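with the input below, show me the fold.
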Amino acid sequence: MVRTSCGLEVVIRPARDGDHAGLHALFEAVVLADEGYPHEPGPVPYEQFSSYWLRDKSVVVVAEVDRELAGSYHLNPNFGGRAAHIGNGGYFVAPKWRGRGVGTVLVEHSLRAAREVGFDAMQFNLVLESNPSRRLYERLGFEQVGLVPNAVDGVAGIVYWRRLT
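Presented below is the predicted three-dimensional model:
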């Protein structure tokens, strides 16, 4: 259990099979609301979600508040071969729990987990300029190392990087 800066108790644990339907519903809601992932607008079929969020990942974690799914992250190599030491992560927090530190504890947890599975750096490839999580990433030491103009519907995407060692 981790306590957020505003006192919320969050349990962070590995995702289990029984979490998958709930994670799918939360992720689909994020996509439908156009809140941070460049997926096509509309429903996200379970198979597409499973391939994107669950399969072939180094780590998949959930955050629970009061035994309710509050968010998740996954980690995987950002590149193959000799660059596989650089990790990549994806994150989301359910709207009900946003602004209460859940995202912060998820990202902080992911940085420790990334080191534990052997990554020595993290890179986020396309964080939309409009995404409010940018402030969190920058506060946690991520540097902007690139800009992709007009990445999604006229909005630029930022490439973030951070050393873990």
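
need the pLDDT of Gly36.
Note on Gly36: pLDDT of 77.

switch to numbering from 49
With 49 as the first residue, the last one maps to Gly84.

for the nearest residue to Glu76 once chain neighbours are set aside, give its distance to Val79.
In this structure, Glu76 finds its nearest non-sequential neighbour in Val92, 4.4 Å apart by Cβ to Cβ, 6 or more residues apart in numbering. The way it works is simple: take the backbone N, C-alpha and C, and place the C-beta from them, glycine included. Val92 is 5 Å from Val79, where distance means Cβ to Cβ, to the nearest Å.

for this structure, longest helix please?
helix 150-164 (DSSP state H).

doesn't His68 belong to a strand?
No. The assignment for His68, made by DSSP: H, G, I helix; E, B strand; the rest coil, is helix rather than a strand.

do I have it right that it meets Ser98?
Yes. Judged on Cβ atoms under 8 Å, His68 makes contact with Ser98 at a distance of 7.0 Å.

run me through the strand neighbours of the worst-scoring helix or strand of the chain on mean pLDDT, direction for each.
Sorting the helices and strands of the chain by mean pLDDT, DSSP states H and E puts strand 50-51 at the bottom, at a mean of 93. Strand pairing for strand 50-51, determined by DSSP bridges: strand 57-62 (antiparallel).

can you give the contact residues for the strand it pairs with?
Applying Cβ atoms under 8 Å, 6 or more residues apart in numbering, the contact partners of strand 57-62 are 49-52, 107-113, 118, 149-150, 153-154, 157.

do that again at 7 Å, thanks
49-52, 108-113, 118, 150, 153, 157 (Cβ atoms under 7 Å, 6 or more residues apart in numbering).

tabulate these (TSV), appending distance to Arg130.
Shown next, in TSV, are the contacts of strand 57-62 (distance: Cβ to Cβ, whole Å):
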residue	distance to Arg130
Met49	38
Val50	34
Arg51	40
Thr52	38
Val108	25
Val109	27
Val110	32
Ala111	33
Glu112	37
Val113	40
Ala118	37
Val150	35
Val153	32
His157	27
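
show me which pair in those residues is furthest apart.
Arg51 and Val108 (23.0 Å; Cβ to Cβ).

which of these two has more residues huddled nearby?
More crowded of Arg51 and Val108, by other Cβ atoms under 10 Å: Val108, with 20 against 11.
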